[in-house]
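>>> I'd like to go over a predicted model; first the sequence, then the structure.
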Amino acid sequence: MLIKQISVFIENKPGRLAEITDVLANAGVDIRAFSIADTTDFGILRLIVNDPEKALAALKENMMTVSVTKVIGVKLQDKPGALNGVLHTLFDKGISVEYAYAFITRAKDDAYVILRVENNEEATKILEDAGVLLLDPSEVYSI
């Protein structure tokens, strides 16, 4: 149930993000969600894509610093408090969320959230036991 997230280290300079998306576009990789965390000199681009292996190979082939991190995808009802409930479920069991980001789905009443936590296996079990719907990687990659 874990989703492969691609992380790319990027210099914070004009055109660098376009270079990365050029590589992915030329490889036929479709971006499903992304997040950028930056400082003055560099950033980390986190991507959920339709084909993580193809993205990883293309980025490495183009001499980019890239890694794969396993994250959890959560399907929530698109209503106030839904994310809060998931976060409290994890917090109550001592699981820390390192970062999270959301993305739009084609389903009108759902929202998808990616969670990076300190212990994927334990968090997955806690969320499943609490009735939280976890996203299957194939569901995310095929959006």
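Received it, and whenever you're ready, just let me know what you need. Numbers count the residues shown, from 1 in each chain.

>>> Break the protein down into its domains, please.
When the chain is parsed with automatic domain parsing, its domains come out as 2-69, 70-141.

>>> The ones you listed into JSON lines, with extra columns for mean neighbour count?
Bear in mind the C-beta positions are built from the backbone N, C-alpha and C, glycine included. What follows is the domains of the chain, written out as JSON lines (neighbours: other C-beta atoms under 10 Å):
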{"stretch": "domain 2-69", "mean neighbour count": "16"}
{"stretch": "domain 70-141", "mean neighbour count": "16"}
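
>>> got those as CSV, with mean pLDDT columns?
CSV is the format used below for the domains of the chain (pLDDT from 0 to 100):
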stretch, mean pLDDT
domain 2-69, 93
domain 70-141, 89
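
>>> Show me which strand runs longest in the chain.
Counting residues, the longest strand found in the chain (DSSP state E) is strand 66-77.

>>> Next SSE downstream of that strand?
The helix or strand immediately downstream of strand 66-77 is helix 82-92, counting by DSSP states H and E.

>>> With that, I have no additional questions.
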